[in-house]
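Visitor: Provided below are the primary sequence and the corresponding predicted coordinates.
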Amino acid sequence: MGFVALGAGSITLSGLQIGWLPTIDSHEVALVLLAFVAPLQILSSVFGFLARDSVGGTGMGMLAGSWSVIGTIMITTSPGSTTRVLGLVLFFVSASLLVPIVAASLGKVLAAFVMFGAAVRFGLAGANEITGALGWKQVSGWWGFGLALLALYAAFAFEIEDTRRHTVLPTGRHDAGLAAMNGTLQDNLNRVVHEAGVREQL
């Protein structure tokens, strides 16, 4: 759900950035981000933490916040305008996504790739917001299309994996990520006592 929402947000914003959608449609794009993308990613974040997947919970939560900020600023400013405030926020989010990216790479490479793509996408969008340069806007838009395709593939691969109870399409699972799918019940319970929410202190 979170990856589908990421793809939808990315491709919609890309349509505006590369000119497939007219600038006057920016408020409608903002509504898509606020009413569809952000809520689904917030929900994905909550269920990620409830499922004890701090990587998914953290990554989706940061993405949800980013789309909310982008949508809110777009809907409250004139179409086509840029703002350095949003640029700085996007730069910080881009750098902060390194936290779940590194953590995801230790078990689920595909999820790490998607979050890396999102980090680059927000970094490029941030550069456009700060400089106002058309080049950054175009690069960010085309990168966003690639990210949307990657996110859609990830959503499909993980959904098929969950339905079939084994990996069908490549997801890059290894170590703990592989043990989560193929290990025994005891393998999955061994470290539970040391996880946040079970151990005495964070």
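Guide: Nice, thanks for sending it over.

Visitor: Could you pull up the contacting residues of the residue nearest the centre of the chain?
Guide: Central residue of the chain (CA atoms, centre = their mean): Leu63, 4.8 Å from the mean position. Going by CB atoms under 8 Å, 6 or more residues apart in numbering, Leu63 touches 2, 6, 41, 118. In this view, the C-beta of every residue, glycine as well, is placed from N, C-alpha and C.

Visitor: ok now do the third one, which residues does it touch?
Guide: By that I understand Gln41. Residues in contact with Gln41 (CB under 8 Å, 6+ apart) are 2, 5-6, 60-61, 63-64, 67.

Visitor: which of the residues in the helix or strand harbouring it are buried?
Guide: In this structure, Gln41 sits in helix 38-50 according to DSSP states H and E. Within helix 38-50, the residues that count as buried by 16 or more other CB atoms under 10 Å are 38, 40-42, 44-45, 48-49.

Visitor: picking up where we left off before, please tell me which one of the contacts of Leu63 counts the most neighbours.
Guide: Leu6 (31 neighbours; other CB atoms under 10 Å).

Visitor: who's in contact with it?
Guide: 37, 41, 63, 114, 118, 147-148, 151.

Visitor: ok so, going back, can you classify the residue nearest to the centre of the chain by secondary structure?
Guide: helix (DSSP: H, G, I helix; E, B strand; the rest coil).
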